[in-house]
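Student: what's the 3D shape of this:
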Amino acid sequence: MTKNLLTVAVLLLAGTLFVSAADKTSYGKPLTLKERTKISAILADPAKYDGKRLQVEGPIVGVCEKRGCWIMIAGDKEKQSLRFKVDDGVIVFPMEIKGQNAVAEGVLSVTTVSTETLIEQGQKHAKESGEAFDPASVTGPKTVIMLKGEGAVVAKK
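Tutor: Down below sits the predicted model:
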């Protein structure tokens, strides 16, 4: 009787582990860092983390519609998010992962984009999307903070 209960318990545990693994999808390189950095901490002091390998976690609030080359991960504070960008074609994130939870690793990049470049990008985006763009809406250079993606694990909620 005890042996049968033990067998049932082992099978149930194995089934639970199988279901848990099936609900997660890995992209890119395996995750190696043991500690996660809060997105709010990164955004509060990006220079402190510039060039460092970091691991972040949060719900996916956006996915690149053209190539699947980036995801936006919501921060731990309201209205904060961080772009996790991979080289085109290296990892392709499907649109269906929006709303799921991601744990992602990469190297933080903090760059300043000039006013001229922002206007060029705005005009290019407007041409591609058929939307209107007013160059006067660009009021100056912009600091861009993103995680250059290496690997991610996405889990269904």
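Student: output stretch 105-117 as CSV, restricted to C-alpha atoms.
Tutor: The C-alpha trace of stretch 105-117 is given here as CSV (Å, rounded to 0.1, in the frame of the first residue of the first chain):
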residue,chain,number,x,y,z
GLU,A,105,19.2,38.5,-19.9
GLY,A,106,21.4,40.8,-21.8
VAL,A,107,23.8,43.8,-21.7
LEU,A,108,22.3,47.2,-20.9
SER,A,109,22.9,49.9,-23.5
VAL,A,110,22.5,53.6,-22.8
THR,A,111,22.9,55.8,-25.8
THR,A,112,21.9,59.4,-26.8
VAL,A,113,20.2,59.8,-30.1
SER,A,114,20.6,63.2,-31.8
THR,A,115,17.7,65.4,-32.8
GLU,A,116,18.6,64.9,-36.5
THR,A,117,18.6,61.1,-36.2
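Student: change the start of the numbering to 667 and stick with it
Tutor: Let's use 667 as the start, then, which means that last one is stretch 771-783.
Student: which residues does that stretch contact?
Tutor: Stretch 771-783 is touched from outside by 695, 697-699, 708, 712-713, 715-721, 750, 787, 804-818, with contacts defined as CB atoms under 8 Å, 6 or more residues apart in numbering. Using the backbone N, CA and C atoms, a C-beta is placed for each residue, glycine as well.
Student: same question, stretch 797-813
Tutor: Stretch 797-813 has contacts (CB under 8 Å, 6+ apart) with 708-709, 712, 720, 722, 736, 748-751, 770-781, 784-785, 788-789, 791-792.
Student: now intersect the contacts of stretch 771-783 with the strands, please.
Tutor: 719-721, 750, 808-818 (DSSP state E).
Student: show the pLDDT at residue 730.
Tutor: pLDDT for residue 730: 91.
Student: contacts only, for the residue nearest to it when sequence neighbours are not counted.
Tutor: In space, residue 730 comes closest to residue 736 once its chain neighbours are excluded; the distance is 4.6 Å by CB to CB, 6 or more residues apart in numbering. Going by CB under 8 Å, 6+ apart, residue 736 touches 728, 729, 730, 749, 750, 751, 752, 759, 812, 815.
Student: got a list of what the second one touches?
Tutor: Residue 729 makes contact with 736, 737, 738, 759, 760, 761, 763, 764 under the criterion CB under 8 Å, 6+ apart.
Student: tell me which residues in the helix or strand hosting residue 792 are buried?
Tutor: Element membership for residue 792, per DSSP states H and E: helix 781-795. By 16 or more other CB atoms under 10 Å, the buried positions in helix 781-795 come out as 784, 785, 788.
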